[in-house]
Structures are given as C-alpha cells and as structure tokens.
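In: I would like the atomic coordinates for the input below:
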Amino acid sequence: MTRPEPLLSAHQMREADAAAIAAGTPGFTLMTRAGQAVADVAARMAAPGSRVVVAAGPGNNGGDGFVAATLLAAQGYRVTVALLGERDRLKGDAALAAAEWTGETTSLADAPFEKADLILDALFGTGLVRDLEGKARQAVERINASGRRVLAVDLPSGLDSDSGAVRGVAALAERTVTFAARKPGLLLLPGRHYCGEVVLADIDIDPRPGAARIDTFANSPSLWSKFLPRPEASGHKYDRGHTLVVSGGATRTGAARLAARAALRIGSGLVTVASPPEALGVNAAHLTAVMLRGCDGPEGLHAILADERFNTLILGPALGVHAGTRAMVTVAVHARRNLVLDADALTSFEGLASELHGVFAAPTVLTPHSGEFVRLFKGHADLLDPPSKLERARRAAAYTGAVVVFKGADTVIAAPDGRAAINENGTAYLATAGTGDTLCGIVGGLMAQHMPAFEAACAGVWIHAEAGVAFGPGLISEDLAEMVPGVLRRLLS
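Out: Sure, this is the predicted structure:
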C-alpha cells in the first residue's frame with residue numbers, strides 16, 4: 001500500500017530542505033537537481049532550437065532557473081535569462097548557479113516574453129510572503145498576456161503556497177514542477193487553476209524529516225483504505241450498523257431519502273428514515289429496503305434513540321431552519337451516537353456556534369458548504385478571516401471538536417486534532433441539488449460500520465466524487481448512490 005501523500009507548508013518545506021542539508025547534501029546539489037528536473041520537463045514542452053526565456057528571481061527559485069537555463073542551452077535551446085535585480089547582488093547557491101550561466105542575460109523589464117516558445121517562471125517560489133508589485137508584477141502580467149507556454153518552477157509566481165491565494169497577480173502556468181512534496185496551494189482554489197499539470201520531482205529531500213509532524217495530506221485511498229469496512233463472512237447486518245436519517249415535512253422528504261439510500265449503498269447494515277407523521281405516506285411510497293419510523297419532533301427522536309442499535313444519526317437535510325431543528329440536534333448530541341450534521345442542522349445555529357462549542361462527546365462530522373460555514377460561524381472572526389480555506393476548516397474543527405467537511409470544488413476535511421486533507425477528484429457534475437445529501441449518507445453509512453470519523457469523512461468525500469465522475473454528464477442526485485457499488489468494487493478488489 002502506498003503511503004499517504006503529504007502536503008508541505010512553506011515552513012515545513014524550509015525545514016525539510018534544511019534537514020537534507022544538515023544530513024550532508026549541499027544546498028547547491030539540491031538546486032542542481034531541481035534545475036535538472038525543470039530542464040527535463042521543459043525539454044518535453046519544446047524541441048531543441050526553441051527559444052526559452054527564463055524569468056529569474058533574486059532567490060533560490062531564480063537559482064533553479066539559472067541551472068535549468070545552463071542545461072537547456074547545452075542541449076541546443078536558445079535561452080535568455082531575464083533577471084529581477086542585479087546579478088552581483090545574488091547570494092549563496094543562487095549566486096553559484098548564476099556564475100555557471102554564460103549565455104544571454106537581460107533585465108526582467110526587457111524580457112522578450114512575446115518571442116519565446118517557452119517561458120520558465122522562476123521568479124518566486126514558496127518564499128513569497130507579500131503581494132507582487134513593481135517590476136515583478138509587470139513581468140507576470142506580461143507573461144500572462146503573451147499567450148506563450150509557461151512552465152512554473154516550484155509554484156507559479158504570485159501564488160501563496162499555503163492557501164492557494166493570488167498575491168496580487170499570479171502566473172498562469174501550463175505545467176508546474178514542484179519539489180519533494182506538493183504544497184496545499186497547488187490543490188486549493190484558486191491556486192489549482194494557475195498551476196496546470198503538476199509534476200512532482202524527487203530531488204532527494206525527505207518530506208518527513210526526523211520527527212517532523214505531517215498534518216496535511218492529499219485525500220486519496222492511501223490515507224484511509226485500511227479503515228474501509230470489509231464485510232465479514234460470518235457478519236450480521238447489525239454488525240454493519242444501523243443508520244437513522246431524520247426527514248423533513250411532507251413537502252421536504254427527498255433529501256432524507258437520498259441520504260438514506262446512500263447509507264444503504266455504502267454498506268450500512270440497516271437504514272431507517274425517521275419521518276414526521278404528515279410525511280409518513282409520501283416516504284412510505286418511495287422506500288423499500290429503507291425502513292420507516294414515525295417521529296414527532298425532538299420528543300419523538302428521543303424515544304426512537306432509546307433503541308441503542310441506532311448507532312449513527314444523520315440530521316439536517318431539508319429539516320427546516322428553526323428552533324425545533326436545534327432541539328433535535330441537542331437530543332442527538334445527548335444520545336452520544338455517531339452524528340453527521342448538514343444543511344439546516346447547521347444553518348439553524350446561525351450566529352450560535354458557541355452552542356456547539358465542545359459539546360460533541362461522540363464522533364461527529366459537520367458538512368457545511370461555504371454559505372453554511374459563514375452563517376454558522378457568524379461573529380467568529382478568527383474562524384472566518386484566515387485567507388486559507390485549509391486554515392478555516394482546521395480552526396472550525398478545533399473549535400467544535402468535530403470533523404469538518406468544508407465542501408466545494410476543493411473540499412477540505414479537517415479533524416479536531418489538526419489533521420487535514422484536501423480533495424482533488426471532484427467534478428463539476430456534482431453541482432446539482434441533492435448531492436450534498438448523498439454525501440451525508442455515504443459518510444454516515446461508513447461511520448455506522450465503525451470507520452473513524454476523519455477517515456470516514458475523507459473516504460466519503462472521495463467516493464462521492466468518484467461516483468460523480470463515473471456517471472458524468474447528465475448526473476442528478478438520484479444517480480449518485482447507484483454508482484457507489486462500482487467505486488467500492490474497485491477499492492475492495
């Protein structure tokens with residue numbers, strides 16, 4: 001089994017780089033390997049004899065560019081290095097790399113980007129801490145306007161490596177060569193749109209040096225497959241859990257049924273919909289393998305949960321935004337069962353997030369999209385202000401004590417202990433009503449089968465996206481659960 005893929009922050013990348021140097025690999029050797037990796041990818045993007053313009057910054061990113069320039073020139077490419085700043089002001093390894101370059105050098109302002117067949121963006125990497133301005137900004141704007149192919153070194157200049165935010169302006173790359181490990185900003189939006197195809201180059205830097213704690217990962221089966229439920233030959237349906245989904249009123253029943261069917265498809269041994277009396281008829285008309293119970297408000301939910309075989313509860317889809325929903329959440333919390341809260345169960349606490357602070361004694365997953373996240377944490381600037389979606393999700397998880405699935409095209413899953421994963425297999429076909437309800441069912445169904453909350457949330461998000469990709473165009477929410485068995489079959493084979 002492959003190891004989970006770490007995503008390194010700028011600080012962690014500096015630590016990994018320093019650890020490699022401390023272990024005996026000279027910094028210039030690492031720079032040479034990085035430049036070689038860039039040159040190799042550049043050679044796949046343009047034939048020898050092509051004109052290459054290297055936009056080189058004043059630091060190590062620029063040094064990587066100088067190494068690549070030297071190697072490409074030796075292969076017959078017509079290379080110009082356009083340098084930001086003065087050559088004699090370069091320091092350390094970057095100065096050594098520049099000293100080996102004997103070809104044409106010009107100022108960044110005079111860079112012939114418009115005449116290039118390929119532009120190497122080696123201005124700034126993970127060390128960028130402020131918005132691009134002045135000559136650097138003008139150069140990036142010219143690169144973007146040139147219409148030429150762009151290969152970024154480590155990450156596109158102007159991109160924040162931790163958050164994926166654009167620092168004023170960022171280079172639009174066709175490909176990005178990054179080193180040792182990918183960075184969160186290459187997966188988070190809008191950064192993902194700027195980096196193009198990402199090539200991860202091994203330059204012999206250990207991304208997990210010494211006892212360094214890696215807490216951010218790319219969401220993939222390597223992160224959670226060992227926790228994925230596998231039915232035992234002698235197992236009983238109750239061994240696979242009993243999921244309870246609470247339905248809305250007579251005209252708001254579809255969301256609960258979507259969640260219920262998804263929980264059943266992902267493997268929950270039993271699934272029951274708890275329905276208000278006025279909705280029993282419409283739910284009964286649409287349910288077969290899913291069971292049905294009458295549930296009249298918080299008191300009714302309390303009575304149902306007296307049966308301890310219900311080990312997982314899904315609450316929120318189309319339940320209504322009102323005090324009654326908050327009361328149901330309170331009942332669910334006190335019952336200490338696996339809990340998934342979504343949609344109205346979150347919005348009913350608009351501006352009242354303090355009521356959910358540290359109350360979850362059982363494994364709990366919250367699944368807000370951006371609007372629900374903002375409404376829930378209204379008034380909590382420390383949770384809403386960080387520019388990084390990753391950081392916002394992580395702080396929300398720590399505050400609530402629940403796993404937070406911050407949904408979107410770049411869904412982030414964060415645990416209270418600081419672990420987080422960024423999902424990248426999503427598809428635009430999931431942008432249709434009801435797909436979030438299906439996600440609730442998948443996550444809840446996995447938790448019912450005793451999968452830990454963080455791993456269940458990560459697996460649920462990935463499986464949900466794979467199901468969407470498998471169906472493709474024309475997807476509606478009812479289709480998703482039917483695609484889950486095929487995804488599971490591939491995972492379990």
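In: Only C-alpha atoms from now on, for both contacts and neighbour counts.
Out: Fine.
In: Quick check, central residue of the protein?
Out: residue 422 (1.9 Å; Cα atoms, centre = their mean).
In: Quickly list the domain ranges of the chain.
Out: Segmentation of the chain into domains, based on automatic domain parsing, reads 10-214, 221-492.
In: Figure out which of the ones you listed is closest to residue 3.
Out: domain 221-492 (5.8 Å; Cα to Cα).
In: quick one: average pLDDT of that closest one?
Out: The average pLDDT for domain 221-492 rounds to 97.
In: List the beta-bridge partners for the residue nearest to the centre of the chain.
Out: Judged by DSSP bridges, the bridge partners of residue 422 are residue 218, residue 412.
In: Surely it touches residue 218?
Out: Yes. Using Cα atoms under 8 Å, residue 422 makes contact with residue 218 at a distance of 5.2 Å.
In: list the contacts for the residue nearest to the centre of the chain?
Out: 184, 187-188, 216-219, 390, 410-413 (Cα atoms under 8 Å, 6 or more residues apart in numbering).
In: For the stretch 101-250 of the chain, which residues score under the pLDDT cut-off?
Out: 210-212 (pLDDT under 70).
In: Going along the chain, name the helices of it.
Out: Taking DSSP state H, counting those that start in this stretch as the test, the helices found in the stretch 101-250 of the chain are 134-146, 191-195, 221-224.
In: element containing the nearest residue to residue 443 once chain neighbours are set aside?
Out: Nearest non-adjacent residue to residue 443, counting by Cα to Cα, 6 or more residues apart in numbering: residue 460, 4.9 Å away. Residue 460 is part of helix 453-471 when elements are defined by DSSP states H and E.
In: Which one, of the helices of the stretch 101-250 of the chain, ends up nearest to residue 153?
Out: helix 191-195 (9.9 Å).
In: Tell me the buried residues in the closest one?
Out: 191-192, 194-195 (16 or more other Cα atoms under 10 Å).
In: Then stretch 281-293?
Out: 282-283, 290, 292-293.
In: mind exporting it as CSV, just the C-alpha atoms?
Out: Extracted in CSV, the C-alpha atoms of stretch 281-293 (Å, rounded to 0.1, in the frame of the first residue of the first chain):
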residue,chain,number,x,y,z
GLY,A,281,-47.3,8.4,3.5
VAL,A,282,-45.0,10.1,0.9
ASN,A,283,-41.9,8.4,2.5
ALA,A,284,-43.6,5.0,2.5
ALA,A,285,-44.4,5.4,-1.2
HIS,A,286,-40.7,5.7,-2.1
LEU,A,287,-39.0,3.4,0.4
THR,A,288,-38.4,-0.4,0.1
ALA,A,289,-35.1,-1.6,1.6
VAL,A,290,-35.0,1.5,3.8
MET,A,291,-37.2,1.2,6.9
LEU,A,292,-39.6,3.9,8.2
ARG,A,293,-40.5,5.2,11.7
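In: Now tell me what touches it from outside.
Out: By Cα under 8 Å, 6+ apart, stretch 281-293 touches 250, 253, 257, 260-261, 264, 270-275, 280.
In: Most neighbours among those, which one?
Out: For the contacts of stretch 281-293, neighbours were counted using other Cα atoms under 10 Å, and residue 260 has the most, 34 neighbours in all.
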